[in-house]
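Trainee: this is the structure alone, sequence omitted:
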């Protein structure tokens, strides 16, 4: 597994919560949104995370009629999901800033 894949695996859940917080969205559309943000992830990686987030009650899925083709499951954030997203943001900022500082110094402390 590449370094990029390993890093992404650790933050993908927070990224998914962030996208869902902006709009009600279905799985394939979520994958495409992440791709437009240059977060390359396969649908096969997204759906297990969506299932886990539902089990944790961070998101809810609702089947809705699709304008084209079969019904789709659209996901929205719950209040627990909003709290989890805020927690992710705090952890991300606490990690991002020191790592950025370290990398900008070329590893010199």
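Mentor: Thanks, I have it. In this text, all values refer to a predicted model and were calculated from it rather than measured experimentally. Residues are numbered from 1 along each chain as shown.
Trainee: so where does the residue minimising distance to the centre of the chain fall, helix or strand?
Mentor: Nearest to the mean C-alpha position of the chain, by Cα atoms, centre = their mean, lies residue 16 at 1.8 Å. Using DSSP states H and E, residue 16 sits in helix 3-22.
Trainee: quick revisit: gap between the residue nearest to the centre of the chain and residue 70?
Mentor: 22 Å (Cβ to Cβ, to the nearest Å). The C-beta positions use only the backbone N, C-alpha and C, and glycine is treated the same way.
Trainee: over to residue 102?
Mentor: 48 Å.
Trainee: how about residue 105?
Mentor: Distance of residue 105 to residue 70, computed by Cβ to Cβ: 53 Å.
Trainee: repeat that for residue 100.
Mentor: Remark: distance between residue 100 and residue 70 (Cβ to Cβ) = 44 Å.
Trainee: compare these two (neighbour count), which wins?
Mentor: Neighbour count, other Cβ atoms under 10 Å: between residue 100 and residue 70, residue 100 has more, with 10 against 7.
Trainee: if we can go back for a sec, the spatially closest residue to the residue nearest to the centre of the chain that is not a sequence neighbour: what's it in contact with?
Mentor: In space, and not counting its chain neighbours, residue 16 is closest to residue 49: 5.9 Å by Cβ to Cβ, 6 or more residues apart in numbering. Counting by Cβ atoms under 8 Å, 6 or more residues apart in numbering, residue 49 makes contact with 12-13, 16.
Trainee: repeat that with 10 Å
Mentor: 9, 12-13, 15-17, 27, 30, 41, 59 (Cβ atoms under 10 Å, 6 or more residues apart in numbering).
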